[in-house]
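Peer 1: here are the coordinates; sequence isn't available:
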Ligand SMILES: [Zn+2]
């Protein structure tokens, strides 16, 4: 029986050495390919490490006690080797703060790390490390000017309608006035140009205002505007607090300080700038009544969307609302209104 096609495909005598050499090369290549495949998991790990500071633990190393020796700059402070901390082993407040930050800013926070200095650090996905707890006892001014993350979140924002007691806050009770600037920069942009590029226009009471689109801030302001806009026709008196609108994004330092305002990050809005502000209020004794007269529905609309109101601060700033979803969330968790995954 003749099988012509097969016969026609059999190589001639001169082709055999070439095929033999090719076979040897293939045999050598197969183990090489297998080795490359086998080492594939190491690829992403290297790229993660190189994308961050040298020696930074990879996200996969989040097992208790796992550590990678090395060094990294922490907001311009000296370097530390670190060990990733299992959240279950953290002190209760640190565990809550970590859960709150993770929920308020999804995809931003990696976890907590313990430095060789024994301090806890908050590690962000972009490789930024912020001191969570430096163990220092701070006077009120120091707590405002140089807070660690724990201090920033320590004062619990009082949710809900203002009561007569809330209209007279304790001295230096200013939940939301402590800000870790490095965190704000990581969240919203490192420079005026970066923040501006991250801002979008939001229509608020008929004005197109720039607000930061990152981490849901602009979308939250748009929802606040919708909530207030729906109620406004029935409350013409609200015009005195809403208008003229003070503004939103403005890269500037807080008056009398060298710290960047939340307005610098496009994450705060001022309503009528004629509303009481602690630095220039001539009749502070009238302020509790003015706080109580402020439309509670407006405060409620902002708080529902993750904003805190400066009208609840000892250093009162009644025009000022600031997007601080972590503070609002922490207050809700402690009030038993929501539960967070731990
Ligand atoms: Zn303001």
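Peer 2: It's in. These numbers come from a predicted model, not from an experiment. Residues are numbered from 1 along each chain as shown.
Peer 1: Who are the contact partners of the residue lying closest to residue 273 once chain neighbours are set aside?
Peer 2: Nearest non-adjacent residue to residue 273, counting by CB to CB, 6 or more residues apart in numbering: residue 246, 4.0 Å away. For the C-beta atoms, the positions are set from N, CA and C on the backbone; glycine is no exception. Contact analysis of residue 246 by CB atoms under 8 Å, 6 or more residues apart in numbering lists 269, 270, 271, 272, 273, 319.
Peer 1: where exactly do the helices run in the stretch 151-300 of the chain?
Peer 2: 181-188, 192-198, 217-231, 239-242, 287-293, 296-304 (DSSP state H, counting those that start in this stretch).
Peer 1: Let me know which of those helices is the nearest to residue 258.
Peer 2: helix 181-188 (10.3 Å; CB to CB).
Peer 1: buried stuff in that closest one?
Peer 2: 182, 183, 184, 185, 186, 187, 188 (16 or more other CB atoms under 10 Å).
Peer 1: what's it in contact with?
Peer 2: Contacts for helix 181-188 (CB under 8 Å, 6+ apart): 75, 105, 108, 124, 126, 128, 130, 149, 152, 195, 198, 212, 214-215, 217, 259-260, 262, 264-267.
Peer 1: Filter those residues down to the buried ones and hand me the ChimeraX line.
Peer 2: To isolate the buried subset of the contacts of helix 181-188 in ChimeraX, counting by 16+ other CB under 10 Å, use the following:
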select :105,108,124,128,130,149,152,195,198,212,214,215,217,260,262,264,265,266,267
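Peer 1: partner residues bridging whichever residue of the chain sits closest to the ion?
Peer 2: Here the residue of the chain nearest the ion is residue 320; by CB to the ion that distance is 3.5 Å. Residues in a beta bridge with residue 320, per DSSP bridges, are residue 270.
Peer 1: OK, contacts around it?
Peer 2: 268, 269, 270, 309, 310, 311.
Peer 1: need those residues in CSV with pLDDT, distance to the ion and neighbour count, can you?
Peer 2: Formatted as CSV, the contacts of residue 320 follow (pLDDT from 0 to 100; distance: CB to the ion, whole Å; neighbours: other CB atoms under 10 Å):
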residue, pLDDT, distance to the ion, neighbour count
268, 98, 5, 28
269, 98, 7, 26
270, 98, 4, 20
309, 98, 11, 24
310, 98, 7, 23
311, 98, 11, 25
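Peer 1: still on that earlier bit, now cross-check the buried residues of helix 181-188 against the ion and list the overlap.
Peer 2: With the criterion set as CB under 5 Å from the ion, no member of these is near the ion.
Peer 1: would you turn those into TSV with distance to residue 94?
Peer 2: TSV is the format used below for those (distance: CB to CB, whole Å):
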residue	distance to residue 94
182	18
183	15
184	20
185	22
186	19
187	20
188	24
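Peer 1: what's the closest of the residues you listed to residue 255?
Peer 2: The closest of the buried residues of helix 181-188 to residue 255 turns out to be residue 184 (CB to CB; 17.7 Å).
Peer 1: Residue 178 versus the closest one, what's the distance?
Peer 2: Applying CB to CB, to the nearest Å, the value for residue 184 to residue 178 is 12 Å.
Peer 1: Please list the residues of the stretch 201-342 of the chain that sit near the ion.
Peer 2: Counting by CB under 5 Å from the ion, the stretch 201-342 of the chain sits next to the ion at 268, 270, 320.
Peer 1: The same query, at a cut-off of 6 Å, please.
Peer 2: With CB under 6 Å from the ion as the criterion, the stretch 201-342 of the chain meets the ion at residues 263, 268, 270, 320.
Peer 1: surely the third one meets residue 319?
Peer 2: Yes - under the criterion of CB atoms under 8 Å, residue 270 makes contact with residue 319 at 4.4 Å.
Peer 1: which parts of the host helix or strand of residue 143 are buried?
Peer 2: For residue 143, the host element (DSSP states H and E) is helix 140-145. Buried residues in helix 140-145, defined by neighbour count with 16+ other CB under 10 Å: 143, 144.
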